[in-house]
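Asks: just a sequence and a predicted model for now, questions to come.
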Amino acid sequence: MTQESSAIKSAKPIESIDNMLAPRNPMYYAWRRFIANRAAIASGSVLSLIILMAILAPLITPTSYEEQKFLTENLAFPSASHWFGVDDLGRDFYTRIVYGARISLSIGFVAAAFSVVIGLPLGAVAGYYGGTADWLIMRIIEIFSVVPPLLAALLLAALAGGGFGNIVLIAALFGWVQVCLLVRGQVMAFRNREFIRASQALGASPLFVIFRHLIPNSISPVIVGFVQAIPLAMMLEAGLSFLGVGIAPPTPSWGQMINIGINFMFFYWHLALFPTMALAVTVLTTTLFGDGLRDALDPTLKG
């Protein structure tokens, strides 16, 4: 047997042209774009650690967040026994920072979910029907766009009171706008496609078309809108708590802790520094992660 014939027999079969050219799932290309974004991967990793820290708070903290166990060490600086120091009431500051992550992330995720619940159907209706429905919804969006969210939230919180539930509803009231605009644009792009026209020709009702075809094809902007609404809700909660109308003590909130820490910042710098850093890192990583998802799921929105 010649060298040429043995080489031919030992060679691995080449993948057929049909397999090479076979279309892949769009999520495959979205995943490839996402993992190529180093900032999104890094921010997602840090955000995952913060979420895990918030979930495991009782297991990784030395005391309860409200326990005044270190009254003889109040205002102590960071040390091996108290990583972030002790606050003015003798509470371990690291513990309160970790439990503060629970409050901020919970409000962020729940408010973002409510934003999707409000923005998704409104965006679908505006994009599908157009005309009067679209005009009316867009005018409502314009009103919310020109109102400063923090000032309006401050007024509503002063009238309705603070607390977890009220802050979630206030944050959702301003977070649905971005979700609505993203879904509206996606629905307008799909409403004249062949499969939509075929469904309409077969007698499908508008509600069937919206919920069976248009909303499932709007999942990508919904995911993007959901993630982008999280840091907005977190910042709103921190602002309200900083101004004294948000989460009530002794429940820890990063905004509330920053407000207290400012009174001591010239002498006990750790009381303002650590909650500020925690809030900044969490909001930044969530924003970068959301931008990475946006660019991966719909590269036409990039930039």
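Replies: That came in fine, so what should we check first? Numbering: from 1, shown residues only.
Asks: what separation do you get for the residue nearest to E237 when sequence neighbours are not counted and N166?
Replies: For E237, ignoring the flanking residues on the chain, the nearest one in space by CB to CB, 6 or more residues apart in numbering is I107 at 4.7 Å. Any C-beta I mention is one placed from the backbone N, CA and C, and that applies to glycine too. Separation of I107 from N166 (CB to CB, to the nearest Å): 11 Å.
Asks: which of these two has more neighbours?
Replies: Between I107 and N166, counted using other CB atoms under 10 Å, I107 has the larger neighbour count: 27 against 18.
Asks: show me the contacts for the more buried one.
Replies: F164, I167, V168, A171, A233, M234, E237 (CB atoms under 8 Å, 6 or more residues apart in numbering).
Asks: try it again with 10 Å
Replies: 164-165, 167-168, 170-171, 230, 233-234, 236-238, 240-241, 246-247, 253 (CB atoms under 10 Å, 6 or more residues apart in numbering).
Asks: now, these that are in helices?
Replies: 164-165, 167-168, 170-171, 230, 233-234, 236-238, 240-241 (DSSP state H).
Asks: coming back round to it: find residues that contact each of I107 and N166.
Replies: L240, G246.
Asks: where are the low-confidence patches of this structure?
Replies: 1-26, 298-303 (pLDDT under 70).
Asks: longest helix of it?
Replies: helix 93-129.
Asks: list the buried ones in that one?
Replies: Residues of helix 93-129 classed as buried: 93-112, 114-116, 118-120, 122-128 (neighbour count, 16 or more other CB atoms under 10 Å).
Asks: distance between that helix and the chain's centre?
Replies: The gap between where helix 93-129 is centred and where its chain is centred comes out at 7 Å by CA atoms, centre = their mean, to the nearest Å.
Asks: count the neighbours of the nearest residue to F93 once chain neighbours are set aside for me.
Replies: Using CB to CB, 6+ apart and skipping the chain neighbours, the partner closest in space to F93 is F84 (4.0 Å). For F84, the neighbour count with other CB under 10 Å is 22.
Asks: what sits against F84?
Replies: 77-78, 92-98, 270-271, 273-275, 277-278.
Asks: let's go with 8 Å and repeat that
Replies: P78, D92, F93, Y94, I97, H270, F274.
Asks: now do S145
Replies: V177.
Asks: can you list phi and psi of it for me?
Replies: With angles defined as degrees, to the nearest 10, S145 sits at phi -70, psi -30.
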